[in-house]
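> sequence first, then the predicted structure, then my questions.
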2 protein chains.
Amino acid sequence: MPVSKKEVSPCPIDAMLSVIDGRWKGTILWRLLDGPMRTNELRRSIPQITERMLIRHLQELVQDGILERHEEKQVPPCVRYSISSYGMTMVPVLEAICVWGRRHLETSHPSKRERLPSIT
Amino acid sequence: MPVSKKEVSPCPIDAMLSVIDGRWKGTILWRLLDGPMRTNELRRSIPQITERMLIRHLQELVQDGILERHEEKQVPPCVRYSISSYGMTMVPVLEAICVWGRRHLETSHPSKRERLPSIT
DNA sequence: CAGGATCCATAACGATACTG
DNA sequence: CAGTATCGTTATGGATCCTG
């Protein structure tokens, strides 16, 4: 087991996790995989999320370059969020995560001590 | 955009995140990708981690079936952790995460407001 | 409708001392 | 060496009210 660059570099797993981590980010991305959505549309589609957390997470995802925010100047405001082209590079990984996650859900493992289910 | 089963099932992304989520789990798994390690060995390889969190995370990962704990009965104790065969099913996904994470680190995105670097 | 501002609860994490 | 126990801190998320 050779000394790898692990010795000196930050953990890339964490690098990605830091982007998709947050109580609802996984769910938000999951929803946006189907296409752009408006803020309220997203909110309704994730019943348990609060206004605050939705906005917060959306902003962070935008900051990280994963999402794009399209605002149509008008009253009342109309904002649409979509996965950016950079965010798209993450999609295959997200899908792999989905696949494993789905199997894990079925595998009905003893300890599901967590955040699930996020959508009921 | 058809109505998918998303309407009724928990989010599979979260399902997987719930397993690898935790301040140091990503890093721990990342290290174990190279092979089994002893508790203290792991600890030394992740300087900033505290005893408590290491043990906690290891236990959770074992509970979730991702890790295996091999204890050799002797004094002083010798415990080795390794990725279980179930955990192995997750490895390709972890690797995909690593690949994206590495690119993301290089992409030097503006907001790296997070947990990084976890290994200095 | 989108989102800012406040206030609060608590889960997650960290430091440290201790035990078989 | 591996793991417990206790305690303090802080980050995260939640509830609510408010505004252009």
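All right, it came through fine.
> burial count for whichever residue of chain A sits closest to DNA strand D?
Using Cβ to the nearest atom of the strand, A:R23 is the residue of chain A that sits closest to DNA strand D, at 3.4 Å. Glycine gets a C-beta too; all of them are placed from N, C-alpha and C. Residues within reach of A:R23, counting by other Cβ atoms under 10 Å in any protein chain shown, total 17.
> A:G22 now?
There are 16 residues near A:G22, going by other Cβ under 10 Å.
> in three-state terms, label it for me.
Here A:G22 is coil, with the state taken from DSSP: H, G, I helix; E, B strand; the rest coil.
> tell me the contacts of the closest residue to it other than its chain neighbours?
Spatial nearest neighbour of A:G22, excluding adjacent residues (Cβ to Cβ, 6 or more residues apart in numbering or on different chains): A:H57 at 5.2 Å. Counting by Cβ atoms under 8 Å, 6 or more residues apart in numbering or on different chains, A:H57 touches A:22-25, A:28.
> would you mind listing the buried residues in the longest helix seen in chain A?
Longest helix in chain A, counting residues (DSSP state H): helix A:91-106. Buried residues in helix A:91-106, counted by 16 or more other Cβ atoms under 10 Å in any protein chain shown: A:93-98, A:100-102, A:104-105.
> turn those into CSV, including distance to DNA strand D and pLDDT.
As requested, the buried residues of helix A:91-106 are exported to CSV (distance: Cβ to the nearest atom of the strand, whole Å; pLDDT from 0 to 100):
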residue, distance to DNA strand D, pLDDT
A:V93, 20, 96
A:L94, 17, 93
A:E95, 22, 93
A:A96, 22, 95
A:I97, 17, 95
A:C98, 19, 92
A:W100, 21, 95
A:G101, 17, 93
A:R102, 22, 92
A:H104, 20, 93
A:L105, 20, 90
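> return the member of those nearest to B:P77.
Closest approach between the buried residues of helix A:91-106 and B:P77, by Cβ to Cβ: A:H104, at 31.0 Å.
> that closest one contacts B:L17, correct?
No: here A:H104 does not reach B:L17: they are 10.5 Å apart, not a contact under Cβ atoms under 8 Å.
> for my notes, confirm A:R80 occurs in a strand.
Yes: remark: A:R80 belongs to a strand, assigned using three-state DSSP.
> shouldn't it be in contact with A:M37?
Yes: at 6.9 Å, A:R80 and A:M37 qualify as touching, with contact defined as Cβ under 8 Å.
> ok so, going back, what's the most distant pair in the contacts of A:H57?
A:R23 and A:I28 (10.0 Å).
> stretch A:31-47: end-to-end distance?
Taking Cα to Cα, to the nearest Å, stretch A:31-47 runs 13 Å from one end to the other.
> now it: how far from the chain's centre is it?
12 Å (Cα atoms, centre = their mean, to the nearest Å).
> so does that stretch get close to DNA strand D?
No: between stretch A:31-47 and DNA strand D, judged by Cβ under 7 Å from any atom of the strand, nothing touches; the nearest distance is 9.9 Å.
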